[in-house]
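Chemist: What follows is a predicted structure for the sequence shown.
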Amino acid sequence: MTAPLPRLPHALRLAALPLPLRPLSLLLGALTRRMAQAHPEMTRRMGDHADRHFLIDPVDLPWLLLLHPQGQTMTAHRRSRPPACDARIAGPLSAFLAMMHGAEDGDALFFSRDLAVEGDTAAVLALRNAIDDAELDLAGELAALSGPLAGPLRQALLRAERASGLTLHRQDDFA
Amino acid sequence: MMELVCPAGTPAALRAAVEAGAHAVYCGFADETNARNFPGLNFTPEDMAEGVRFAHARGAKVLVAINTFPRAGAEPLWHRALAHAEAAGVDAVILADLGLLAHAAEHHPGLRRHLSVQAAAANPDAINLYASAFGVRRVVLPRVLTVEEIAAINREIDVETEVFVFGGLCVMAEGRCSLSSYATGKSPNMNGVCSPASHVAYAEEGNDLAARLGGFTIHRTARTAPAPYPTLCKGCFTSGPQTGHIFEDPVSLDATHLIPRLAGAGVRALKIEGRQRSRAYVAQVVRAFRAAVEAQAAGRPLPESQLARLAEGQKATTGAYAKTWR
């Protein structure tokens, strides 16, 4: 029914390897704060689980991402120095983006082994359900952070979406 | 046309179900009063009222599952859920417990009552008792009956019947199963959690994915095989030289091609399981089944099901509906 999930080309992963982590963490932090503030029900829906640390492991990227919903932070880390966490979720970047945007079902990705989970399963479930309910839109959130560059950025993201097969905006066309 | 009753674990899933063509959506409050009491899931009373407004504006109904069994001394939680459901303007409540049915009939007589699958009412005598004593208008039949048995039941009752046609397949006497309780101390029937996530742990061990429930290993799945849910009834166990699934393989129900026979058996409504699933699942499954019930109503051939990828075990069964060994 659905095509296999796209993986980022290995060359892109190698090219991203030397990128500095600090600016990346600053961008991820700003994005996380914006999403948390725009969707306060996300943290409410998670309850106590919002205070857990989630290690997001996009297996086709050179970094690990540590998310703390309660603190509204997300930081990037080298694979060689993984931070402590309560739960780890691993899978291709495309799986995370498709799930976040309502294009793929998290349980189906688990059944097909595209996603793997370790650690606090209840916290992972709470995070998954809260994000699904929030109907996030990465393209819209990035555009909102970009001020006067929002228009060109949206166009660039659309082109990147077509070229890569990644889901970069909310799938709300149920027709 | 047969009524399509669709799951919603969140307000976003409710909207997805309605937009995809659900005739009715069923959901629950975020507490122990419903059998999908999972982290991050379900509705506040305010969410419910807003969901009802959204659904009614588009011609869809909202049914609220209050289908666990109240614990002694904690009945007010379940009574409040009934009051919240009525205040939100829902179209029906789905109940299982005798005491709660009696309370609903006495204190909320205008609230339509459906009998949950959790009541495990599988014969005309039981169903007729629920109808006469508590004014139940529809019964959700357990997933243990053949189509012929459903037809026979419908000939002896005056209430509507609703049957599951897709999703997770509970193979036990629902509302009576305590398997998960033995491993976790939490009850599917009173706490609303079968295999609660708080007691589930996954670990990659060599080439296998090990799934544990309450510390008991219940699956070891090879890297190339589909991963199942961590439920004991679909666990894979070793005893002496033998390893296998004792109760049921990890498969999901898909009765798409039985819809015409279910209609012929007098079934009024078709239910899709999956309140714990995402809005992506809800949208895809509801769209597929809306097309199927429209085709059935128009006498056209049913579309081929394309939903296996969404199913546990990534394969489907017609469950007990088409069993011939009995």
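Modeler: All right, it came through fine.

Chemist: And the nearest residue to B:Phe289 once chain neighbours are set aside, its phi and psi?
Modeler: Nearest residue to B:Phe289, sequence neighbours excluded (CB to CB, 6 or more residues apart in numbering or on different chains): B:Leu4, at 5.6 Å. For the C-beta atoms, the positions are set from N, CA and C on the backbone; glycine is no exception. As for B:Leu4, its main-chain torsions (degrees, to the nearest 10) stand at phi -100, psi 120.

Chemist: and B:Leu4, how many neighbours?
Modeler: 25 (other CB atoms under 10 Å in any protein chain shown).

Chemist: State which helix of chain A is the longest.
Modeler: helix A:21-38 (DSSP state H).

Chemist: residues of that one that come out buried?
Modeler: Residues of helix A:21-38 classed as buried by neighbour count (16 or more other CB atoms under 10 Å in any protein chain shown): A:24-25, A:28-29, A:31-32, A:35-36.

Chemist: Check which helices and strands it is in contact with.
Modeler: Packing partners of helix A:21-38 (3 or more CB pairs under 8 Å, 6 or more residues apart in numbering or on different chains; DSSP states H and E): helix A:40-46, strand A:63-68, strand A:73-78, helix A:138-145.

Chemist: For the closest residue in space to B:Arg268 that isn't next to it in sequence, give the beta-bridge partners.
Modeler: Leaving aside its chain neighbours, B:Arg268 sits nearest to B:Glu160 (4.0 Å; criterion: CB to CB, 6+ apart). Here B:Glu160 shows beta-bridge partners B:Arg138, assigned using DSSP bridges.

Chemist: Read off the pLDDT value for B:Glu160.
Modeler: If you check B:Glu160, the pLDDT there is 98.

Chemist: Now do the same contact list for it.
Modeler: Counting by CB atoms under 8 Å, 6 or more residues apart in numbering or on different chains, B:Glu160 touches B:137-139, B:268-269.

Chemist: Distance check, it against chain A.
Modeler: Here B:Glu160 is placed at a distance of 28 Å from chain A (CB to the nearest CB, to the nearest Å).

Chemist: what about the residue in chain A positioned nearest to chain B, how many residues close to it?
Modeler: Using CB to the nearest CB, the closest approach of chain A to chain B is made by A:Asn129 at 3.1 Å. Using other CB under 10 Å, A:Asn129 has 27 other residues around it.

Chemist: so where's chain A shaky on pLDDT?
Modeler: Applying pLDDT under 70 to chain A flags residues A:1-3, A:173-175.

Chemist: who in it is up against chain B?
Modeler: Selection of chain A residues close to chain B by CB under 8 Å from any CB of the partner chain yields A:1-2, A:45-47, A:49, A:99, A:102-108, A:110-113, A:116-118, A:121-130, A:132-135, A:171, A:174-175.

Chemist: and with 7 Å instead?
Modeler: Within reach of chain B by CB under 7 Å from any CB of the partner chain, chain A has these residues: A:1-2, A:45-46, A:49, A:102-108, A:110-113, A:116-118, A:121-122, A:125-130, A:132-133, A:135, A:174.

Chemist: and B:Ala316, bridged to which residues?
Modeler: Here B:Ala316, judged by DSSP bridges, has bridge partners B:Ser252.

Chemist: right, and it touches B:Asp254 too?
Modeler: Yes: counting by CB atoms under 7 Å, B:Ala316 touches B:Asp254, with 3.6 Å between them.

Chemist: Pick out whichever of these two has more residues nearby.
Modeler: Using other CB under 10 Å as the criterion, B:Ala316 and B:Asp254 rank with B:Asp254 on top: 24 against 20.

Chemist: what does the model give that one for pLDDT?
Modeler: B:Asp254 is assigned 93 on the pLDDT scale.

Chemist: Ok, the one 4 residues further on next?
Modeler: Model confidence at B:Leu258, given as pLDDT, is 95.

Chemist: any idea which element A:Ala98 lies in?
Modeler: helix A:93-100 (DSSP states H and E).

Chemist: what is the orientation angle of that helix with helix A:138-145?
Modeler: Angle of helix A:93-100 versus helix A:138-145, following axes from the mean of the first three to the mean of the last three CA atoms, to 10 degrees, is 90 degrees.

Chemist: same for helix A:93-100, what does it pack against?
Modeler: Applying 3 or more CB pairs under 7 Å, 6 or more residues apart in numbering or on different chains; DSSP states H and E, one finds that helix A:93-100 makes contact with strand A:54-58, helix A:106-111.

Chemist: send the alpha carbons of the next helix or strand after the longest one over as PDB?
Modeler: Think helix A:106-111. Following helix A:106-111 in sequence order, the next helix or strand is strand A:116-119 (DSSP H and E). Provided in PDB are the C-alpha atoms of strand A:116-119 (Å, rounded to 0.1, in the frame of the first residue of the first chain):
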ATOM      1  CA  ALA A 116      12.300   0.800  17.800                       C
ATOM      2  CA  VAL A 117      11.600   1.800  21.400                       C
ATOM      3  CA  GLU A 118      13.600   1.200  24.500                       C
ATOM      4  CA  GLY A 119      13.200   2.500  28.100                       C
END
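
Chemist: Given strand A:116-119, what are its sheet partners and their directions?
Modeler: Using DSSP bridges, strand A:116-119 pairs in its sheet with strand A:87-91 (antiparallel).

Chemist: what does the partner strand contact?
Modeler: A:52, A:54-57, A:59, A:109, A:114-120, A:123-124 (CB atoms under 7 Å, 6 or more residues apart in numbering or on different chains).

Chemist: Between all of those residues, which two are at the greatest distance?
Modeler: Greatest spacing in the contacts of strand A:87-91, by CB to CB: A:Arg52 and A:Asp114 (22.5 Å).

Chemist: need the helices for the stretch 1-150 of chain B, in chain order.
Modeler: In the stretch 1-150 of chain B, the helices defined using DSSP state H, counting those that start in this stretch lie at B:11-20, B:45-57, B:75-88, B:98-107, B:124-134, B:147-155.

Chemist: Relative to chain A, which of those helices is closest?
Modeler: Closest among the helices of the stretch 1-150 of chain B, using CB to the nearest CB: helix B:11-20, at 4.0 Å.

Chemist: any residue of the closest one up close to chain A?
Modeler: Yes: judged by CB under 7 Å from any CB, helix B:11-20 and chain A are in contact via B:11-12, B:16, B:19-20.

Chemist: Closest one of those to A:Ala76?
Modeler: B:Ala12 (28.5 Å).

Chemist: Isn't the closest one up against A:Asp133?
Modeler: Yes: between B:Ala12 and A:Asp133 there is a contact under CB under 7 Å: 4.5 Å.

Chemist: so what's the residue of the stretch 51-200 of chain B found nearest chain A up against?
Modeler: Nearest residue of the stretch 51-200 of chain B to chain A: B:Ala197, at 3.9 Å (CB to the nearest CB). B:Ala197 is in contact with A:121-122, A:125, B:38-39, counting by CB under 7 Å, 6+ apart.

Chemist: re earlier: restrict the longest helix of chain A to CA atoms and write it as CSV.
Modeler: Output of helix A:21-38 as CSV, limited to C-alpha atoms (Å, rounded to 0.1, in the frame of the first residue of the first chain):
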residue,chain,number,x,y,z
LEU,A,21,26.3,21.1,17.4
ARG,A,22,25.8,24.3,19.2
PRO,A,23,24.0,26.3,16.5
LEU,A,24,22.0,23.2,15.7
SER,A,25,20.9,22.9,19.3
LEU,A,26,20.0,26.6,19.4
LEU,A,27,17.8,26.1,16.3
LEU,A,28,16.2,22.9,17.7
GLY,A,29,15.6,24.7,21.1
ALA,A,30,13.9,27.6,19.5
LEU,A,31,11.7,25.3,17.4
THR,A,32,10.8,23.2,20.4
ARG,A,33,9.9,26.3,22.5
ARG,A,34,7.8,27.6,19.7
MET,A,35,5.9,24.4,19.3
ALA,A,36,5.4,23.9,23.0
GLN,A,37,4.1,27.5,23.5
ALA,A,38,1.8,27.3,20.4
